[in-house]
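**Q** structural data only, the sequence is not supplied:
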């Protein structure tokens, strides 16, 4: 025995005796209160290994004493070694036997702590692996679907087709991807007959249908073509109109060959070549022949004017002036366009009906609304339809660009404000409460200097180059608003349901305000 002392641990006093042999150290404890003895042995090789892992000075106390690390094995430093070891003896309650105590060395406690940490990490890793495996299986077994009636997402079991509102618990914080907007073939069992029936479901939109995607697409295409033709042609074409058009068109070529000098035959043949054949080279001499026979005929003037613009006859500036002169002369002679109406219905409109996918057919029809009917917004719609069919068509592009440039103040086709195509590329630069639904916009790509800014009504979709009259704005709001509060002094509060805003009106001074007086 080389040392004996009293130590305190777990709120108890222990007698610690240290024994040394050439091969090891033995530490013996005795607890006087209950006469319990404990013993632990430390071999010299293990001590060397332990000291080798300890830095030369681990604590302030070790540094001051000049000991630490393997230097403690020096026989002259036995007392210091004993002190160092005693400090690293741990007496604690046994982790598995609650009523018993345990004695161990510091490095054993550290190894035990590391082992527990490793075991805990391994358990956590296995838990994460099993959770990840469960999540993978759950994600493959469930899918997210949209319920259109409730406007929320639900979860569908792919195997059993069962559906639930709550997310599967195994997913944890993870959620399934939103459903793809696509149609899929599904099966259901008829409860009455027990037979399987096939239907189509789109879990991205929550829609179901007995029609296949191809059948539905064909139905949509038919309706779109019907609506597209209605937008372009205006009124519905009746059977008598079809018969009349076919009669004129099929007989125009034969009559021209029989009597090529008769004016009516020349005009009808020119319209057939121009509108239906779209042969601008062949149509030009026929039109010139008709114009030579009757230079002031309103039908010839209008049709030839449209031809000059559509074919972009050079020089274009001269052709444009000629076309404008012909349109003006026709308006003087036939201001109601009665003598041109049949040609417009039989040739221009019929050409769109039989060949609506040809951009040149739509170009002629756009020029009809642009130059004859003065329906500029409708003409722009037809231009855009033609460009959608062939964005590279030079004749359509040049006519459309010229048409847009002439819609500004001072142009031939001036309108109240810029067209829809300009509105789409513009941005808001100013809004004021007093302007209500009107906004000040700017077109950074405006081809006309001085007309970059304009006003836009977001309710009526109107545009205007001139600032709207403030008095008219307030009167419009007053007519559509409801009085929600009586007089507070002389002010009456109104609520504008279109803008979801209140404003105030002074019944005496007839003034308006966005703020309470």
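**A** Yep, that arrived. These numbers come from a predicted model, not from an experiment. Numbers count the residues shown, from 1 in each chain.
**Q** burial measure for residue 48, as a count.
**A** Number of residues near residue 48 (other CB atoms under 10 Å) recorded here: 12. Bear in mind the C-beta positions are built from the backbone N, C-alpha and C, glycine included.
**Q** ok, now residue 419?
**A** 20.
**Q** right, and it touches residue 408 too?
**A** No - if you go by CB atoms under 8 Å, residue 419 and residue 408 don't touch, sitting 10.1 Å apart.
**Q** common neighbours of those two, please.
**A** Listed contacts common to residue 419 and residue 408 are nil; contacts here mean CB atoms under 8 Å, 6 or more residues apart in numbering.
**Q** show me which residues of the longest helix belonging to the chain are buried.
**A** Criterion DSSP state H: the longest helix present in the chain is helix 106-141. Neighbour-count burial for helix 106-141 flags 107-108, 138-139 (criterion: 16 or more other CB atoms under 10 Å).
**Q** how is the chain carved up into domains?
**A** 3-93, 235-415, 474-513 (automatic domain parsing).
**Q** and those domains: which comes nearest residue 183?
**A** domain 235-415 (25.9 Å; CB to CB).
**Q** gap between that closest one and the chain center?
**A** Computed by CA atoms, centre = their mean, to the nearest Å, the separation of domain 235-415 from the middle of its chain amounts to 42 Å.
**Q** and stretch 32-47, by the same measure?
**A** For stretch 32-47, the distance to the chain centre is 74 Å (CA atoms, centre = their mean).
**Q** look up the pLDDT of residue 55 for me, please.
**A** Looking at residue 55, its pLDDT reads 66.
**Q** show me where pLDDT drops low in the stretch 101-250 of the chain?
**A** 224-245, 247-248 (pLDDT under 70).
**Q** the strands in it, which residues?
**A** 101-105, 142-147, 152-157, 163-164, 184-189, 196-202, 207-209 (DSSP state E, counting those that start in this stretch).
**Q** make a markdown table from the ones you listed and add distance to residue 80 to it.
**A** Below are the strands of the stretch 101-250 of the chain laid out as a markdown table (distance: least, CB to CB, whole Å):
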| stretch | distance to residue 80 |
| --- | --- |
| strand 101-105 | 17 |
| strand 142-147 | 68 |
| strand 152-157 | 70 |
| strand 163-164 | 71 |
| strand 184-189 | 81 |
| strand 196-202 | 83 |
| strand 207-209 | 85 |
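**Q** how about those strands in JSON lines, adding mean neighbour count and distance to residue 476?
**A** Formatted as JSON lines, the strands of the stretch 101-250 of the chain follow (neighbours: other CB atoms under 10 Å; distance: least, CB to CB, whole Å):
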{"stretch": "strand 101-105", "mean neighbour count": "18", "distance to residue 476": "91"}
{"stretch": "strand 142-147", "mean neighbour count": "17", "distance to residue 476": "41"}
{"stretch": "strand 152-157", "mean neighbour count": "16", "distance to residue 476": "40"}
{"stretch": "strand 163-164", "mean neighbour count": "12", "distance to residue 476": "50"}
{"stretch": "strand 184-189", "mean neighbour count": "11", "distance to residue 476": "50"}
{"stretch": "strand 196-202", "mean neighbour count": "14", "distance to residue 476": "43"}
{"stretch": "strand 207-209", "mean neighbour count": "14", "distance to residue 476": "40"}
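**Q** who wins for proximity to residue 11 among these?
**A** Of all these, strand 101-105 sits nearest to residue 11, with 11.4 Å by CB to CB.
**Q** which strands or helices does that closest one pack on?
**A** Contacts defined by 3 or more CB pairs under 8 Å, 6 or more residues apart in numbering; DSSP states H and E place strand 101-105 against strand 24-31, strand 36-43, strand 89-93.
**Q** for the first one, which strands pair with it and how are they oriented?
**A** So that's strand 24-31. strand 12-20 (antiparallel), strand 36-43 (antiparallel) (DSSP bridges).
**Q** among those, which is the most enclosed?
**A** When the strands paired with strand 24-31 are scored by mean count of other CB atoms under 10 Å, the highest mean neighbour count falls to strand 12-20 (a mean of 17).
**Q** can you add mean pLDDT and give the helices and strands packed on strand 101-105 back as TSV?
**A** Below are the helices and strands packed on strand 101-105 laid out as TSV (pLDDT from 0 to 100):
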stretch	mean pLDDT
strand 24-31	94
strand 36-43	93
strand 89-93	91
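**Q** distance to residue 364 for those strands - can I get that in CSV?
**A** What follows is these, written out as CSV (distance: least, CB to CB, whole Å):
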stretch, distance to residue 364
strand 24-31, 111
strand 36-43, 108
strand 89-93, 101
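**Q** so which of these is nearest residue 15?
**A** strand 24-31 (4.5 Å).
**Q** neighbouring contacts of the closest one?
**A** Residues outside strand 24-31 that contact it (CB under 8 Å, 6+ apart): 7, 12-20, 36-44, 47, 85, 89, 91, 101, 103.
**Q** right, and the helices and strands packed on strand 101-105 - which one's nearest residue 77?
**A** Short answer: strand 24-31, nearest of the helices and strands packed on strand 101-105 by CB to CB, at 14.4 Å.
**Q** can you check what angle separates the closest one from strand 89-93?
**A** 40 degrees (axes from the mean of the first three to the mean of the last three CA atoms, to 10 degrees).
**Q** how about strand 24-31: buried residues?
**A** Quick answer for strand 24-31 (16+ other CB under 10 Å): 25, 27-29, 31.
**Q** again with stretch 263-281
**A** For stretch 263-281, by 16+ other CB under 10 Å, it's 265-276, 278, 280.
**Q** what's the straight distance from one end of that stretch to the other?
**A** End-to-end distance for stretch 263-281: 20 Å, by CA to CA, to the nearest Å.
**Q** I'd like to know how far residue 438 sits from residue 475.
**A** 14 Å (CB to CB, to the nearest Å).
**Q** kindly report the same for residue 192.
**A** Distance from residue 192 to residue 475, by CB to CB: 64 Å.
**Q** look at those two and report which has more neighbours.
**A** Each of residue 192 and residue 475 has its neighbours counted (other CB under 10 Å); residue 475 has more, 11 against 6.
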